[in-house]
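S.K.: Generate a structure from the sequence data that follows.
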Amino acid sequence: MAKKRMTGAAVLTFEHISAVVRAVGLDGFMDDIISGLRCAGTNLDTQATVVLERSGFQYSKPDVGLIEWMPSMELGRAVGIKTVGYHPSNPTQRRLPSVLSTTSIHDTATGQLTALVDSTLLTALRTGAASAVVTHILALPTAAVVGIVGAGAQAVTQIHAISRVRQIKRIIAFDTDPAVSATLAARLPLAVPVTVVETAAEAIAQADIVCSATTVDIGAGPVLPDHGYLPHVHINAVGSDFPGKMEVPVALLRAALVVPDDPPQCLREGESQQLELSELGPSLPDLISNAAQYERYQQEITVFDSTGWSLEDLIVAEIALDHARRLGIGMYTDLQSTPADPYSPYEDVLR
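M.R.: Next up is the predicted model:
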């Protein structure tokens, strides 16, 4: 049998990503991401790692949506750039995920593209993993009841990831579309009783941990109540990604320790857009690197403002690539021109 080619840029399609995750196992792959994020936060060197705020295009025609790019760089090694599209009408109008994304990785020595990775599943997984990392620090060790507000795709990875750091015994779920919340239990990779309720207030009342993952319209929030929580509740708010879009009431934010994953980005388009910089708690990497200091907040209300830290995307893409190389999954191809004579741009055209 001919040996598989391992030169050129590595390409992982959605089929390759699915094959990798199946081979590693959902739990094992999620654990790898959680570990990778913890390691990145603990060892972050801001002189060697540059994480830029995401930027891009937002529009309302033909439907409300955005396409953004999320860049990060490890100096002297690699640049990762995820291009992500968010179109909340996709599931109902086109039978497509609301979030679609692709990550490219480039060698900083040469500028060459080294990898191109479908990141739609990886984005959902790393978003869940980030919540798990924060939940492990800020939720009570005995936390067992999870309240879900917004029971779509992100709810699945939120629950799965949290189950890797806390023993979930019950899920209470609410979605504005009863058909979505009714299928949540069937979509989960773990067997936990799911109680479907009719209001967000019911979903949060008995929850030790709350995850809000909605597609609330700009200006239509918040979606969470401003009272009725357990005094130790930890909230993972992952749905805010537009200026003017928010899930958590400002009164609740001001009563809580708020952890922004990327403070400037969160102040612009996360829950933190309702606050001043002085009202924010530690950033995600600061929380991770000083975990023992912040565990005392487990008895208080805490909120993780999760807008997506760009370094997460480079981390999860490289985890997938490492497993793919080990398993012999994926393909390699020369996507860029590399003529034998770098001064001859027509070399391949005229030969």
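S.K.: Taking the centroid of this structure, which residue is nearest it?
M.R.: Nearest residue to the geometric centre of the chain (C-alpha atoms, centre = their mean): T127, 2.1 Å.
S.K.: Quick check: closest non-adjacent residue to it.
M.R.: Leaving aside its chain neighbours, T127 sits nearest to V238 (5.8 Å; criterion: C-beta to C-beta, 6 or more residues apart in numbering). Quick note: C-beta positions are derived from backbone N, CA and C, even for glycine.
S.K.: Verify the stated contact: that neighbour with Q154.
M.R.: Yes. If you go by C-beta atoms under 8 Å, V238 and Q154 touch, sitting 5.9 Å apart.
S.K.: Which neighbours do these two have in common?
M.R.: Jointly contacting V238 and Q154 under the rule C-beta atoms under 8 Å, 6 or more residues apart in numbering are T127, A213.
S.K.: Tell me how the chain divides into domains.
M.R.: The chain resolves into domains spanning 9-121+311-350, 134-309 when parsed by automatic domain parsing.
S.K.: Just name the most buried of these.
M.R.: Of all the domains of the chain, domain 134-309 has the most neighbours on average by mean count of other C-beta atoms under 10 Å, namely a mean of 20.
S.K.: Do me a favour and average the pLDDT over that one.
M.R.: Here domain 134-309 scores 96 as its mean pLDDT.
S.K.: Could you look up the SS state of D286?
M.R.: helix (DSSP: H, G, I helix; E, B strand; the rest coil).
S.K.: got a list of what it touches?
M.R.: Per C-beta under 8 Å, 6+ apart, neighbours of D286: none.
S.K.: for the one 5 residues further on, same thing?
M.R.: Listed by C-beta under 8 Å, 6+ apart, the contact set of A291 reads I137.
S.K.: Got the phi and psi for it?
M.R.: phi -60, psi -40 (degrees, to the nearest 10).
S.K.: same check, this time on L113
M.R.: phi -70, psi 120.
S.K.: Could you list which residues are in contact with it?
M.R.: A9, S104, I105, H106, L335, Q336.
S.K.: contacting residues for the fifth one?
M.R.: This means L335. L335 sits next to G8, A9, V11, L113, L116 when contact means C-beta under 8 Å, 6+ apart.
S.K.: Can you flag which of those belong to strands?
M.R.: Counting by DSSP state E, the part of those found in strands is A9, V11, L113, L116.
S.K.: Same list (those residues) but as TSV, adding distance to R38.
M.R.: TSV is the format used below for these (distance: C-beta to C-beta, whole Å):
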residue	distance to R38
A9	29
V11	29
L113	29
L116	27
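S.K.: Among the contacts of L113, which pair sits farthest apart?
M.R.: The most widely separated members of the contacts of L113, counting by C-beta to C-beta, are I105 and Q336 (13.0 Å).
S.K.: what are the ranges of the strands in the stretch 51-200 of the chain?
M.R.: 55-59, 65-74, 78-86, 99-107, 113-118, 145-149, 170-174, 194-196 (DSSP state E, counting those that start in this stretch).
S.K.: Looking at the ones you listed, which is nearest to P225?
M.R.: Using C-beta to C-beta, the nearest of the strands of the stretch 51-200 of the chain to P225 is strand 145-149, at 9.5 Å.
S.K.: roughly how far apart are I235 and A23?
M.R.: Applying C-beta to C-beta, to the nearest Å, the value for I235 to A23 is 34 Å.
S.K.: Same question for A207.
M.R.: In this view, A207 and A23 are 34 Å apart by C-beta to C-beta.
S.K.: same question, F242
M.R.: Distance, F242 to A23, by C-beta to C-beta: 36 Å.
S.K.: Can I get the strands of the stretch 51-200 of the chain in JSON lines including distance to D31?
M.R.: Formatted as JSON lines, the strands of the stretch 51-200 of the chain follow (distance: least, C-beta to C-beta, whole Å):
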{"stretch": "strand 55-59", "distance to D31": "31"}
{"stretch": "strand 65-74", "distance to D31": "22"}
{"stretch": "strand 78-86", "distance to D31": "21"}
{"stretch": "strand 99-107", "distance to D31": "21"}
{"stretch": "strand 113-118", "distance to D31": "20"}
{"stretch": "strand 145-149", "distance to D31": "19"}
{"stretch": "strand 170-174", "distance to D31": "20"}
{"stretch": "strand 194-196", "distance to D31": "23"}
